[in-house]
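Novice: here's a sequence, model it:
(2 chains)
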Amino acid sequence: MGPSILDVLTEYWPLFLKGALGTLKYAAIAVAGGTLLGTLVALMRLSGNRILSTIATVYADVLRGTPLLVQMYIAYFFLPLVIPALNNVEKEVTVLIALALNSGAYVSEIIRGGINSVDAGQNEAARSLGLSATHTMTKIILPQALKNILPSLANEYISMIKETSMAGTFMLYELMYTRTILANKYLSWQPLFIIAGIYLIMTLVLTNLVKLLEKRFSVSD
Amino acid sequence: MTDKRNALIRTVDLKKNFNDLEVLKGISETVYQGEVVCIIGPSGGGKSTFLRCLNMLEEPTSGEVYFDDEKLDPKSTDIDRHRQKIGMVFQQFNVFPHLTVLQNITLAPTLEKKIPEEEAKQTAMKLLKQVGLEDKANEYPRKLSGGQKQRLAIVRAMAMEPEVMLFDEPTSALDPEMVKGVLEVIKDLAESGMTCVIVTHEMGFAKEVADRIIFIDEGVVAEEGNPEELFNHPKNPRTAEFLSQVL
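Specialist: Predicted structure coming up:
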């Protein structure tokens, strides 16, 4: 069996810490990038402009219909060929682009559903008061949509945290990469349980944060 | 025919189709400043569509709407500026559920007219007092009854200091015991000199407050006149038939 999990943790905790920080960094970028991109794509899709809405639809369909790992490989090997500037930056940038693009596609679908879930009368009331289209969206529609989609958005963020594990495939320093390092020291199973535990802590913390947020949103119920 | 009164809203041959369905078949009407106009007629006859065209919530298929002698264009950003002067109250209230009663009222004045928060709050409280809702200022709409929601919707529109108020069947979604309170608020408003266009099924109310009744049927103005004339001596057999069914 080799050394116990506790032994491995005691000896190599700096490696796991570094991995955990890497995972948090990638997850934060995926969540932030995905949310921004997803909102933009959802608004494009609902814009009523045929060209924008077609671009948004194709984007969401392609990114949701192909595996993230394949998208990461394409970003890693192909993007630098067509965008030479990417050769001058850290390799992790291409992988992060893939992560954000992928999560943006899922988030856009969630946000689109949320916006559609808000009663049409809300838009009419806001516009008839003379609110601009932008204010109507940011002050009336999106806040109500956000409340409706918070649970599904939280699920998507949890998936994103877990999917950052694929970045280890590209030698990026996150939690799964610590496994690769320690496997070279003939530690085959102990790191896996430690890694799983750390992921679990992260997703549980997020789940509970969202619960708190839901409570705050429910003051109007 | 010349009229010395100031025309506030004017429609010219207003037509609206929904796909193949012709809902408005050409309506030319004028609403004068200070006038209270009630629009009556059978369901599906086009009265709500006509009202919704007056602030371009419904884009006319053809024809024009003039407000203060300016042509309304739903695609221009000017439309927001015009709508700030055209209050609207809906059948389904459409209060904002995520905002408190007070925030419902202050949102548009602070955002679009740049009125300072404190001033907007004071105005809002004054308005709430007028409709007996001052003790609900910090509640969320969820806690209000239908009648209270509709009164909130009315003062929310009033807070923008509009030149005209449009009412789209304001009491149709209310429990019977709530109707009176809302109608009284609208009546006070009408008597204060506010120009009002009211789509309603409340014939007694229409008779009482209206300066003029417009009977819209099958997408056209089938008859119009002062309430006394129209209710007691309808000239169009369609009007007579409609009135015999609702009175």
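
Novice: for the rest of this, base every contact and every neighbour count on C-alpha atoms.
Specialist: Will do.

Novice: now do the contacts for the closest residue to B:Glu191 other than its chain neighbours.
Specialist: Leaving aside its sequence neighbours, B:Glu191 sits nearest to B:Val209 (Cα to Cα, 6 or more residues apart in numbering or on different chains; 7.9 Å). The contact partners of B:Val209, taken as Cα atoms under 8 Å, 6 or more residues apart in numbering or on different chains, are B:36, B:187, B:190-191.

Novice: switch to 10 Å and redo it
Specialist: Listed by Cα atoms under 10 Å, 6 or more residues apart in numbering or on different chains, the contact partners of B:Val209 are B:36-38, B:183, B:186-188, B:190-191, B:196, B:198, B:227.

Novice: mind listing the helices for the chain?
Specialist: If you meant another chain, say so; for now it's chain A. For chain A, the helices defined by DSSP state H cover A:5-45, A:50-65, A:68-77, A:79-82, A:92-117, A:120-128, A:133-135, A:142-163, A:175-183, A:190-217.

Novice: hmm, I had chain B in mind actually
Specialist: All helices of chain B, identified by DSSP H, fall at B:47-54, B:78-83, B:101-112, B:117-130, B:146-158, B:176-191, B:203-209, B:227-232, B:237-246.

Novice: can you add distance to B:Gln92 and mean pLDDT and give the ones you listed back as a markdown table?
Specialist: Compiled in a markdown table, the helices of chain B are given as follows (distance: least, Cα to Cα, whole Å; pLDDT from 0 to 100):
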| stretch | distance to B:Gln92 | mean pLDDT |
| --- | --- | --- |
| helix B:47-54 | 13 | 97 |
| helix B:78-83 | 19 | 94 |
| helix B:101-112 | 15 | 97 |
| helix B:117-130 | 20 | 97 |
| helix B:146-158 | 8 | 97 |
| helix B:176-191 | 13 | 95 |
| helix B:203-209 | 19 | 95 |
| helix B:227-232 | 27 | 94 |
| helix B:237-246 | 22 | 94 |
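
Novice: please identify the most buried of those.
Specialist: Of all those, helix B:146-158 carries the top mean neighbour count, a mean of 25, counting by mean count of other Cα atoms under 10 Å in any protein chain shown.

Novice: just the CA atoms of that one, as PDB, please.
Specialist: Extracted in PDB, the C-alpha atoms of helix B:146-158 (Å, rounded to 0.1, in the frame of the first residue of the first chain):
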ATOM      1  CA  GLY B 146     -54.200  43.300  -6.100                       C
ATOM      2  CA  GLY B 147     -55.900  46.700  -5.400                       C
ATOM      3  CA  GLN B 148     -52.800  48.000  -3.600                       C
ATOM      4  CA  LYS B 149     -50.600  46.800  -6.400                       C
ATOM      5  CA  GLN B 150     -52.700  48.700  -8.900                       C
ATOM      6  CA  ARG B 151     -52.600  51.800  -6.800                       C
ATOM      7  CA  LEU B 152     -48.800  51.500  -6.600                       C
ATOM      8  CA  ALA B 153     -48.700  51.100 -10.400                       C
ATOM      9  CA  ILE B 154     -50.700  54.300 -10.700                       C
ATOM     10  CA  VAL B 155     -48.500  56.400  -8.500                       C
ATOM     11  CA  ARG B 156     -45.400  54.900 -10.000                       C
ATOM     12  CA  ALA B 157     -46.500  56.300 -13.300                       C
ATOM     13  CA  MET B 158     -47.500  59.600 -11.700                       C
END
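
Novice: wait, which of the helices of chain A is closest to B:Leu57?
Specialist: Closest to B:Leu57 of the helices of chain A is helix A:120-128 (Cα to Cα; 6.9 Å).

Novice: buried sites along stretch A:101-121?
Specialist: Applying a neighbour-count criterion of 16 or more other Cα atoms under 10 Å in any protein chain shown, one finds A:101-112, A:114-115, A:118, A:121 buried in stretch A:101-121.

Novice: contact partners for A:Leu86?
Specialist: Applying Cα under 10 Å, 6+ apart to A:Leu86 gives the contacts A:76, A:79-80, A:93-94.

Novice: relative to chain B, how far out is it?
Specialist: A:Leu86 sits 41 Å away from chain B, taking Cα to the nearest Cα, to the nearest Å as the criterion.

Novice: what's the spacing between that residue and A:Phe78?
Specialist: 10 Å (Cα to Cα, to the nearest Å).

Novice: which neighbours do those two have in common?
Specialist: With Cα under 10 Å, 6+ apart as the test, A:Leu86 and A:Phe78 both reach A:Thr94.

Novice: picking that back up, so which of the contacts of A:Leu86 are also by chain B?
Specialist: Among the contacts of A:Leu86, proximity to chain B is found for none (Cα under 10 Å from any Cα of the partner chain).

Novice: ok, so of those residues, who is nearest chain B?
Specialist: Taking Cα to the nearest Cα as the measure, chain B lies nearest A:Val93 of the contacts of A:Leu86, at 38.9 Å.

Novice: how about that closest one: what's its closest non-neighbour residue?
Specialist: Closest residue to A:Val93 apart from its sequence neighbours, by Cα to Cα, 6+ apart: A:Leu86 at 7.8 Å.

Novice: quick one, longest strand in chain B?
Specialist: In chain B, assigned by DSSP state E, the strand with the most residues is strand B:7-18.

Novice: now that one, how far from the centre of its chain.
Specialist: Distance of strand B:7-18 from the chain centroid (Cα atoms, centre = their mean, to the nearest Å) equals 15 Å.

Novice: in chain A, what residue lies closest to chain B?
Specialist: For chain A, Cα to the nearest Cα, closest residue to chain B: A:Gly130, 4.4 Å.

Novice: what about that residue, neighbour count?
Specialist: By the measure other Cα atoms under 10 Å in any protein chain shown, the count of residues near A:Gly130 is 29.

Novice: which residues touch it?
Specialist: Applying Cα under 10 Å, 6+ apart, the residues near A:Gly130 are A:124, A:136, B:55, B:78-87, B:108-109, B:111-113, B:157, B:160.

Novice: packing partners of the longest strand of chain B?
Specialist: strand B:21-27, strand B:30-32, helix B:47-54, strand B:62-67, strand B:70-71 (3 or more Cα pairs under 10 Å, 6 or more residues apart in numbering or on different chains; DSSP states H and E).

Novice: need the CA coordinates for the first one. PDB is fine.
Specialist: Listed next in PDB are the C-alpha coordinates belonging to strand B:21-27 (Å, rounded to 0.1, in the frame of the first residue of the first chain):
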ATOM      1  CA  LEU B  21     -55.300  39.500 -38.400                       C
ATOM      2  CA  GLU B  22     -56.300  43.100 -38.900                       C
ATOM      3  CA  VAL B  23     -56.800  44.400 -35.400                       C
ATOM      4  CA  LEU B  24     -57.000  48.100 -36.100                       C
ATOM      5  CA  LYS B  25     -58.400  49.100 -39.500                       C
ATOM      6  CA  GLY B  26     -57.600  52.800 -39.500                       C
ATOM      7  CA  ILE B  27     -58.300  54.900 -36.500                       C
END
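
Novice: now do it against helix B:47-54, angle only.
Specialist: If you take axes from the mean of the first three to the mean of the last three Cα atoms, to 10 degrees, strand B:21-27 sits at 60 degrees to helix B:47-54.

Novice: report the buried residues of strand B:21-27.
Specialist: Under the neighbour-count criterion of 16+ other Cα under 10 Å, strand B:21-27 has B:23-27 buried.

Novice: now these as JSON lines including distance to chain A?
Specialist: Listed next are these as JSON lines, based on distance: Cα to the nearest Cα, whole Å:
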{"residue": "B:Val23", "distance to chain A": "20"}
{"residue": "B:Leu24", "distance to chain A": "20"}
{"residue": "B:Lys25", "distance to chain A": "24"}
{"residue": "B:Gly26", "distance to chain A": "23"}
{"residue": "B:Ile27", "distance to chain A": "22"}
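
Novice: sweet, I'm off.
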